[in-house]
Each structure stands twice: as C-alpha cells, then as structure tokens.
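> please find the sequence and the predicted model below.
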Amino acid sequence: MLYLVMAFVFGSCLLLLMGGYQLIFRDRILIAGRLAQLQKKEQATAMLRDELKLPLWQRIGRPLLEKLTNIFTHRMSSEKRILLYKRLQAAGKPGGLDPGGFRLIQGISILLLTGGAAVWGLSRGLLIKDLALLVAAGLIFGMLLPEFYLSSLIRKRREEVTCSLPDILDLLTVSVEAGLGFDLALVKVTERFPGVLSQELGRVLQEMKLGRSRREALQDMAERIGAEDLSAFVTSLVQADQLGVGIGNILRVQSGEMRRKRRQRAEEQAMKAPVKMLIPLVLFIFPALFVVLLGPALIQIMKNL
C-alpha cells in the first residue's frame, strides 16, 4: 500500500507540473507549433518549385523509368544480376546503367526490331512463314545487339588500360624512386594522365581515404577492369606488400615487363597485317588488275574468233 500511495502521489505531482507548464507556456507552445508548420510548408513549396523547374521528361519520364528498371531488377536472379553488374562495371557503367536498366534497354531493342520487322513484312505482303522468320531474326538481333555493344565497350576499355599501363608505371617508378610514397605517386599519376586507368586509380585513392586498405582497393580495381596485365601488376604489388619487398624494385621490373609485352603485341599485330590484307587484295584489287591486264587480250581473242 505504501508503494501504491507513493506512485499515486508521484503521478499526481507530475500531472500537476505538466498542467501548470501547459497553462504558463501555452502561447509559446502554440507559436512554436505554428512556426514549425509554416516552415514545413515553406520547405514543401520550395521543393515543389525546384521540381517544377526541371524539364517534363525528368519529372515524368525518370520516375517511370525507375519503376520499370526496378521491375526488371526484381525479376532477375541474384547470380545474373551480379554477373551483369560486373560486366557493366568493366564497361565503365555507360550512362550510369544498372542491371535493371540494361535489361530495360534490351527489352526496348527487342520491341523495336521485332515490331519494325513485322511492319515491314506486312507492308511487303510476305507469307506467314517468311514473316515469322523475319520476326524471329528481329527478336534475336534485338537481344544480341545490346550485348555486343557492351562487350565492345569492355574490350575497348581493357585495351586502353593495357596501352596506358606502361607509361603510368614509368611515372610511378620515377616518383617512388624520387622519394614520394606510393599513395602520393598515385596522386601524381591521376593529375598527369587522363584516361580510364587514371580514373580507376583516383577511385582507389578515394576508397583508401574512406578507410579501405590499399590491397583491397587495388584488388577490386583489377577485378572490376579485368585486364590481364593490370591483374598481374596488382598481384605483384600485393605480394610485395605482404613479403616486405621494396615497391620501387617491383615497379621497375613491372614497367620493363609491360613494355616488353606491348612490343610483342605490336609485333604480333604487324605479323597479322599481311593475312588481313589478303582478303581485300583478292576480292577488290586483283579483279581490277585482271580486267586492266587481260581485258584487251580477251577483246582481241573474241574479235579473232
């Protein structure tokens, strides 16, 4: 009973205090609430004003595209989504696409090509069998064209990284041997060399500033790009870091190795040139030469006969 009485007295005192506070400061509380409501309305009005300044396609088209992208994303399995995300990262995420956005573009391509093939076939009066084959061809091309474009972007990006890697390694070697740390040498590289590899190294520096270790950031960069030479370089750096070997020696060895590989690739391309030139020679140049050289003789033979 004593505890109940004490609790009742405490609750009564608390209620009296709250009631007195409300009576004394009621006007201030009402004014503060009204000001908060007005501030919320002003913020909503400012947001609406900023939204109305945007173009119509951004106000209507972007939310619709985001909804469609989310639909395609949720319908993909996790394995396919991860694989497609890695491919988009290797291509540099063109247009800021995610896996759902790429599937949306692929679906639009299929609809356009199949619809265009069907309309063209109906306008030509094709038979049902020929029309079905034409629509099937449009379906296949609509599905494969975005994949081919993405593969070409990945290949070009990797070739650019492979070509610029020896020059960047030379600058890294010179900077480290001059007394700079490896991180400061990366900063110098990002300032001097524009391009894909410089952008990726800048991303590595940002990740290191956010707390990631240098080894993890470099390994993620190598996995993201997928270039063979870059992966070998990152592996050698990681091993040197683990074994305590000087980075300057590793950079000098890797620089010479990358230049040797680039020279070998150039020699390989030069040896392939005659074989590639054979097809246009046979198809275009040799027939013209035969016409010029043997044409008059054939005309004389035909006249005599």
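Done, it's in.

> does residue 231 touch residue 222 like I think?
Yes: the pair residue 231 / residue 222 is scored as a contact, 4.5 Å apart, by Cβ atoms under 8 Å. In short, each C-beta sits where N, CA and C put it, glycine included.

> out of the two, which sits in the busier spot?
Set side by side, residue 231 and residue 222 give different neighbour counts by other Cβ atoms under 10 Å, the larger being at residue 222 (21 against 15).

> wait, what's in contact with the more buried one?
Residue 222 makes contact with 230, 231, 233, 234, 235, according to Cβ atoms under 8 Å, 6 or more residues apart in numbering.

> now residue 147: which helix or strand?
Under DSSP states H and E, the secondary-structure element containing residue 147 is helix 128-177.

> elements contacting that helix?
Secondary structure elements in contact with helix 128-177, counted by 3 or more Cβ pairs under 8 Å, 6 or more residues apart in numbering; DSSP states H and E, are helix 78-90, helix 99-124, helix 182-192, helix 196-209, helix 214-225, helix 228-243, helix 247-280.

> residue 304: which of the contacts of residue 222 is nearest?
Minimum distance to residue 304 across the contacts of residue 222 is 69.5 Å, recorded for residue 230 (Cβ to Cβ).

> for the closest one, grab the count of nearby residues.
Neighbouring residues of residue 230 were enumerated by other Cβ under 10 Å; the total is 23.

> so what pLDDT did it get?
With respect to pLDDT, residue 230 scores 84.

> give me the distance between the nearest residue to it once chain neighbours are set aside and residue 197.
Using Cβ to Cβ, 6 or more residues apart in numbering and skipping the chain neighbours, the partner closest in space to residue 230 is residue 222 (5.4 Å). Between residue 222 and residue 197 the distance is 11 Å, computed by Cβ to Cβ, to the nearest Å.

> okay, and the common contacts of those two?
With contacts taken as Cβ under 8 Å, 6+ apart, the residues that reach both residue 222 and residue 197 are residue 230.

> in contact with the residue lying closest to residue 258 once chain neighbours are set aside, which residues?
In this structure, residue 258 finds its nearest non-sequential neighbour in residue 166, 4.2 Å apart by Cβ to Cβ, 6+ apart. Listed by Cβ under 8 Å, 6+ apart, the contact set of residue 166 reads 255, 258, 259, 262.
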